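Q: sequence? don't have it. structure:
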């Protein structure tokens, strides 16, 4: 039966559901595959800091970095997939299918299984956004109860503002990594520089280079 000509919401809702399920279960399956292939499915082996443990996962990421990035599965994405897979392992049956992947990522920040289950259920019952779930996770990690207003259902209080000033050494390290990324881009540019650019591409590159020049000038002024 065809939907009425101007009634698109039902189709849109089903498409949104398909998209959500695809992202969630694709990422969970990626996490399962990596855990199985490189850690034998052992969650503790993944979290272990033993310097003698096999580093085949790191070798895989390093040797296949370009190919992984091409399919949108860089190291950080892979690790978030692994964390998501671990997070859903002990959730009650029928819970995972109703969560967003962004919810699962937030649940992965919680180490305690029963607490994850409590938060997952609260997310569904109260229709929390991923931001609200994150606030609840931060509240629990700070030793606080998550209900900000018992009269209006279970609602997490926004956590107190934390000092998010970056560490100086880490900023310098990120500059170093940025230069490495720039070197890689320059090498790629050498391979395509003979190809004809559209006017739009030229304007975009000019804008980027201008931003680079301005930022470099500011940095050199600070160092002086």
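A: Arrived safely. Computed from a prediction, not measured in an experiment: that's the story for all the values here.
Q: Quick check, residue 96 in contact with residue 21.
A: No - between residue 96 and residue 21 there is no contact under Cβ atoms under 8 Å: 10.0 Å. C-betas here are computed from N, CA, C, even on glycine.
Q: So between these two, which is more surrounded?
A: residue 96 (19 against 12; other Cβ atoms under 10 Å).
Q: quick one: the helices in this protein?
A: Taking DSSP state H, the helices of the chain run over residues 9-39, 43-47, 56-63, 65-70, 75-88, 101-107, 113-126, 130-141, 168-192, 199-223.
Q: any idea which of these is most buried?
A: Across these, averaging neighbours per residue (mean count of other Cβ atoms under 10 Å) puts helix 101-107 on top, at a mean of 23.
Q: which other residues reach it?
A: By Cβ atoms under 8 Å, 6 or more residues apart in numbering, the surrounding residues in contact with helix 101-107 are 20, 23-24, 27-28, 80, 83-84, 87-88, 91, 96, 99, 116, 119-120, 123, 128, 130, 133-134, 137.
Q: Now with 6 Å, please.
A: The contact list for helix 101-107 (Cβ atoms under 6 Å, 6 or more residues apart in numbering) reads 23-24, 27, 80, 84, 87, 116, 123, 130, 133-134, 137.
Q: For the protein, give me the ranges with low pLDDT.
A: Counting by pLDDT under 70, the chain shows low-confidence ranges at 1-7, 20, 54, 145-164.
Q: ok, 90 please
A: Within the chain, the stretches with pLDDT under 90 are 1-27, 40-59, 69-77, 80, 83-84, 86-106, 108-118, 121-224.
Q: circling back: need the contacts of helix 101-107 in JSON lines with distance to residue 215, can you?
A: Formatted as JSON lines, the contacts of helix 101-107 follow (distance: Cβ to Cβ, whole Å):
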{"residue": "23", "distance to residue 215": "34"}
{"residue": "24", "distance to residue 215": "38"}
{"residue": "27", "distance to residue 215": "34"}
{"residue": "80", "distance to residue 215": "29"}
{"residue": "84", "distance to residue 215": "35"}
{"residue": "87", "distance to residue 215": "38"}
{"residue": "116", "distance to residue 215": "41"}
{"residue": "123", "distance to residue 215": "40"}
{"residue": "130", "distance to residue 215": "32"}
{"residue": "133", "distance to residue 215": "35"}
{"residue": "134", "distance to residue 215": "31"}
{"residue": "137", "distance to residue 215": "35"}
